[in-house]
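K.L.:
Structure of the sequence below:
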Amino acid sequence: MKNYNQEMKIFVSYSHQNSEWVSDSGKYPLIPWLKEQLVGQAEIWTDHALKQMLGEDYTKLISSKINEADIAILLISQEFARPGYIHNVEMPLMKERYNREELKIIPLLISRLSKKGKENVSWIFDLQTYPNDTKPLLSFVNDDAQWADIRVDILDGIETKIEQIKERKIRKNTSKQVTTTKPSRSEEVVEDKLSASELFSKAYSYDINKEYLRALKWYLKAAEKGNAVAMKNIGFLYRNGEGVDRDYKKAMDWYLKAAEKGNAGAMNNIGFLFDTGKGVDRDYKKAMDWYLKAAEKGNAVAMNNIGFLFDTGKGVDRDYKKAMDWYLKAAEKGNAVAMKNIGFLYRNGEGVDRDYKKAMDWYLKAAEKGNAEAMKKIGFLFDTGKGVDRDYKKAMDWYLKAAEKGNAEAMKLIGVLYRNGEGVDRDYKKAMDWYLKAAEKGNAEAMKLIGVLYKNGEGVPQSTENAELWFEKARKNGYKD
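P.N.:
A predicted model of the protein is given here:
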């Protein structure tokens, strides 16, 4: 069975007069930067690099690499648009494969084209050319923050194409791989002799290695023999769209089968679908019913979820004391999210007397178990001097720990410390770097703060236009003044 998590193959076509975009030592090393970002996801070829291979017929080699490619990146410039080798050899083959839906094309406009130049590559401009035909990439390279933002947008576009290709290949082969491929008679005999737990173990080994199609095959066999955990995990694959098209209704069907056999994890997952309205109408009361069933069987995640419903008053009257009771039950079983939530109740004095020291104690317990949100909250207590002496350096240390785990709010707060020079030397460029990282993860306040830097000309050239662009992004992502 083919592993669809293998590296994608990306072919880069460009005029050699624009090699500053491709060379490691170039003035605008976009392609080397993309190579670094896509390690493990994609292998990037350039026609210039291929030309250096000795003993190969260049045209034959170029053609073979284009035929192998999943994605083609075109660096479009006036030089690229001139008639010549690219248009005689590379473009016809790419267009043919694109029309057969065998190749994704990402056109990047690096510099402006004349009217005639645009006509020469008109079919490419029927695609989504990035950024656009009025403001090419060259317009952004002298502004560090804008250039960083543009590069990430390009990377997002490429990664989206990679996921689309994987999904297409999986859809094309799922039926053949999972249902129509018949094992030999000897294989069938061996499989028949395996117990449900042995079949599950085989499936799980594929699952943890992200070979979801193989995992599904063996989970189905284990489920046929009554393995409830396999049924739950099949539901999880459908819920997340791993190895199959995402299908919340099929996820629910499999969770229900597992729940009928008493699987507490499946009961909690059914509750979560009702809680979030995925594949069903949102129904907090049904969510609570299923969470309670799972909690009765000792499921700590369900206990925390019950606590959260009481905490937020969803489907029940808000009751912080009941929330605390359920969080404590979950925490006793080692649930880090519940520990963090207990800390939050103590910090806010909800259902208990406000006690920053107890909040810190619970945050520390959650942080020891790797909870990034708790790490960020510990940092915030040091940042604000609540229950501890104010210590910006300790705040920075904890924010960095949370940021390493992907916490966007922590990234934003690191940026704030750099902007204000608290615990570190004031550094507007580092502030911008951290705001951008948070913004990439959708943090609306970070987007607003980027706008403030532009408005004030702090670490970047003053630009009211760029400030307004970032303020608008912040509003679109939910920021309210």
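K.L.:
how about the helix or strand hosting Trp33: buried residues?
P.N.:
Using DSSP states H and E, Trp33 maps to helix 30-37. For helix 30-37, burial by neighbour count (16 or more other C-beta atoms under 10 Å) applies to 30-32, 34-35. (C-beta placed from N, C-alpha, C; glycine too.)
K.L.:
Mind giving me the packing neighbours of the helix or strand following that helix?
P.N.:
Moving toward the C-terminus from helix 30-37, the next helix or strand (DSSP H and E) is strand 42-46. If you count contacts as 3 or more C-beta pairs under 8 Å, 6 or more residues apart in numbering; DSSP states H and E, strand 42-46 packs onto strand 8-14, helix 30-37.
K.L.:
Among those, show the one with the smallest mean pLDDT.
P.N.:
Comparing mean pLDDT across the helices and strands packed on strand 42-46, the weakest is helix 30-37, with a mean of 84.
K.L.:
what's next to it, contact-wise?
P.N.:
Outside helix 30-37, the residues within contact range by C-beta atoms under 8 Å, 6 or more residues apart in numbering are 12, 21-24, 26, 44, 46, 73, 108, 137, 151, 154-155, 158.
K.L.:
mind running it again at 6 Å?
P.N.:
Taking contacts as C-beta atoms under 6 Å, 6 or more residues apart in numbering, the residues outside helix 30-37 that touch it are 12, 21-22, 24, 44, 155.
K.L.:
In this structure Gly423 contacts Trp398, no?
P.N.:
No - contact between Gly423 and Trp398 fails when scored by C-beta atoms under 6 Å: they sit 11.3 Å apart.
K.L.:
quick one, which of the two is more surrounded?
P.N.:
Remark: of Gly423 and Trp398, Trp398 carries more neighbours, 24 against 18, as counted by other C-beta atoms under 10 Å.
K.L.:
List the residues that contact the closest residue to Asn466 other than its chain neighbours.
P.N.:
In space, and not counting its chain neighbours, Asn466 is closest to Tyr454: 4.2 Å by C-beta to C-beta, 6 or more residues apart in numbering. Residues counted as contacts of Tyr454 (C-beta under 6 Å, 6+ apart) are 460, 463, 466-467.
K.L.:
what about Tyr454, which SS state?
P.N.:
Classification of Tyr454 using DSSP: H, G, I helix; E, B strand; the rest coil returns helix.
K.L.:
Now do it against Gln146, distance only.
P.N.:
According to C-beta to C-beta, to the nearest Å, Tyr454 stands 9 Å off from Gln146.
K.L.:
returning to what we had before: reformat the contacts of Tyr454 into JSON lines and put distance to Ile450, neighbour count and pLDDT next to each item.
P.N.:
Output for the contacts of Tyr454, formatted as JSON lines (distance: C-beta to C-beta, whole Å; neighbours: other C-beta atoms under 10 Å; pLDDT from 0 to 100):
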{"residue": "Val460", "distance to Ile450": "9", "neighbour count": "19", "pLDDT": "94"}
{"residue": "Ser463", "distance to Ile450": "11", "neighbour count": "18", "pLDDT": "94"}
{"residue": "Asn466", "distance to Ile450": "8", "neighbour count": "20", "pLDDT": "94"}
{"residue": "Ala467", "distance to Ile450": "8", "neighbour count": "20", "pLDDT": "94"}
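K.L.:
Out of the residues you listed, which comes closest to Arg239?
P.N.:
Asn466 (40.1 Å; C-beta to C-beta).
K.L.:
could the helices and strands packed on strand 42-46 be laid out in a markdown table, adding distance to Met447?
P.N.:
What follows is these, written out as a markdown table (distance: least, C-beta to C-beta, whole Å):
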| stretch | distance to Met447 |
| --- | --- |
| strand 8-14 | 30 |
| helix 30-37 | 21 |
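K.L.:
Mind naming the longest helix for this protein?
P.N.:
helix 144-174 (DSSP state H).
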